[in-house]
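> my questions concern the predicted model and sequence given below.
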Amino acid sequence: MQDYKFITTSSPHIHSGESVSKIMYTVAGALLLPTAAGVYFFGIRALLLVITTSLACIITEALFQMLRGKKITIWDGSALVTGILLALNLPPGLPLWMAVVGSAVAISLGKQIYGGIGSNPFNPALIGRVFLMITFPVQMTKWINPVDGTTGATPLMLYKMQHVTTDYFNLLIGRTGGSLGETSAIMIIIGGLYLIYRGYVDFRTPLSYLATVAVLSFLLGRDPVLQLLSGGLMLGAFFMATDMVTSPISRLGKIIFGIGCGLFTVIIRFYGGYPEGVSFSILLMNAFTPIINRLTVPRIYGEVKAK
């Protein structure tokens with residue numbers, strides 16, 4: 001009788017062809033659109049900021065993994081994405097050494113201390129940004145007007161303090177003060193829609209996030225269009241609230257996550273001390289992700305709920 005040899009392996013048995021590096025470099029490519037807008041409006045210093053944070057994140061990740069005796073995985077592109085996202089969340093004129101500090105914090109305290117990619121509960125780039133906001137509040141709130149190069153308030157600050165509105169077209173293209181990569185809503189939307197088309201971003205999270213902010217703004221007597229196009233809302237909704245590691249995995253969970261982000265953003269913007277609330281909102285909802293997953297992951301067919 002002929003002997004047959006069988007190879008047994010755990011699932012999955014069919015590979016989709018996707019990989020971490022492929023996804024990360026695609027996200028990095030989509031982020032080039034808001035990056036290009038930032039460089040166009042804020043000049044070469046914006047490009048230097050992106051290069052600095054990207055290199056600092058990659059080097060920090062390599063050093064941390066060397067110290068832990070782990071395999072160096074800087075070529076998977078995740079540290080590069082964190083570096084670009086952090087730069088897009090920073091004022092264009094921020095001193096470069098501060099950007100390096102923020103990058104080191106983002107990778108070390110936001111990612112590697114939990115075990116690396118796939119294990120971090122919070123978005124690393126937002127950890128770096130919030131650290132810089134707390135540590136260097138003056139430099140982190142010094143905004144450059146791309147029209148004349150002077151410093152001034154952001155559209156959200158003008159609206160909150162003086163009830164002055166900014167032209168919608170300028171908000172759409174990015175000709176306003178703000179963080180390097182959050183001002184050009186149209187570039188962020190194009191990049192985000194590309195990731196949705198590629199299947200790397202689920203449309204439910206940004207749609208529920210943006211819809212919640214728009215509806216609540218309307219009900220509370222604020223300008224919904226201004227709230228949607230101003231600040232870091234678009235960048236957060238498409239590129240950070242959709243992080244595969246720190247956001248829920250179920251469809252219902254993604255909707256709940258987006259609604260929660262929108263609710264916290266509105267509370268902070270309208271009733272808090274900050275004119276912006278996207279970073280804090282996403283980090284707060286990151287903390288709820290485990291419980292959202294537990295409550296919304298569909299039960300396996302035939303599974304009996306434990307008593």
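Ah, there it is. Everything quoted here is computed from the prediction, not taken from an experiment. Numbering: from 1, shown residues only.
> which parts of this structure are strands?
143-144, 151-152 (DSSP state E).
> note down every partner strand of the last one and its orientation.
The pairing partners recorded for strand 151-152 under DSSP bridges are strand 143-144 (antiparallel).
> can you say which of the strands of the chain is nearest to Gly77?
strand 143-144 (29.4 Å; CB to CB). To be clear about C-beta, it is placed using only N, CA and C from the backbone, and glycine gets the same treatment.
> ok, residues contacting the longest helix seen in the chain?
Using DSSP state H, we find that the single longest helix of the chain is helix 44-68. Contacts to helix 44-68, defined as CB atoms under 8 Å, 6 or more residues apart in numbering, come from residues 35, 38-39, 71-74, 78-80, 82-84, 86-88, 90, 92-94, 96, 99-100, 102-104, 106-108, 111-112, 116, 180.
> which among those end up buried?
With burial judged by 16 or more other CB atoms under 10 Å, the buried subset of these is 35, 38-39, 73, 78-80, 82-84, 86-88, 90, 92-94, 99-100, 102-104, 106-108, 111-112, 116, 180.
> follow-up on the earlier one: dump the strands of the chain to JSON lines, plus mean neighbour count.
As requested, the strands of the chain are exported to JSON lines (neighbours: other CB atoms under 10 Å):
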{"stretch": "strand 143-144", "mean neighbour count": "21"}
{"stretch": "strand 151-152", "mean neighbour count": "13"}
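> where among the ones you listed is average confidence lowest?
Looking over those, mean pLDDT reaches its minimum on strand 151-152, with a mean of 80.
> who's in contact with that one?
By CB under 8 Å, 6+ apart, the residues outside strand 151-152 that reach it are 93, 142-145, 177.
> now distance to Ser250 too, for the strands of the chain, in a markdown table please.
A markdown table is the format used below for the strands of the chain (distance: least, CB to CB, whole Å):
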| stretch | distance to Ser250 |
| --- | --- |
| strand 143-144 | 38 |
| strand 151-152 | 43 |
